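Peer 1: Fold the stuff below for me.
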Amino acid sequence: MKGKPAPNLARCGQQQTPAQQRKLRRRHDHEPEWQPADPPAYPRLETITAPTLVIVGDRDVPDILHAVDVLAARIPNAKKVVMRNTAHLPSMELPDEFNQILGDFLNSLS
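Peer 2: Numbers count the residues shown, from 1 in each chain. The predicted model follows:
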């Protein structure tokens, strides 16, 4: 993984400082190489029975927005929440709002 460019979060609506770029690059260099799930998870989404909350930021990249739509549509009774004015890391970008959404979801289960 060494030498690979770090992911560019700027396209997600983020502006990174040089220090953030260095930190992300170091983290990216130590990630294991991606391997697909075996067996593939996609055909098994309908078998999920646990309460499921899918949260996405409205400024995330189109591929992620589409993936969240698929998850919410295929997981029975999944709840989808689109957080406004955030990109790929809503729990870090808007932690208070994220925690409120998560808390409300968890409270609705009891």
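Peer 1: now Lys79: how far from Pro51?
Peer 2: As for Lys79, its distance to Pro51 is 8 Å (criterion: C-beta to C-beta, to the nearest Å). For the C-beta atoms, the positions are set from N, CA and C on the backbone; glycine is no exception.
Peer 1: shared neighbours of the two, anything?
Peer 2: Shared contacts of Lys79 and Pro51, defined by C-beta atoms under 8 Å, 6 or more residues apart in numbering, are found at Phe105.
Peer 1: contact partners of the helix or strand harbouring Asn99?
Peer 2: Asn99 belongs to helix 95-108 when assigned by DSSP states H and E. By C-beta under 8 Å, 6+ apart, the residues outside helix 95-108 that reach it are Pro51, Leu53, Ile55, Lys79, Val81, Met83, Pro90, Ser91.
Peer 1: mind listing what the last one touches?
Peer 2: What that stands for is Ser91. Residues near Ser91 by C-beta under 8 Å, 6+ apart: Ile55, Phe98, Asn99.
Peer 1: Cool, thanks, signing off.
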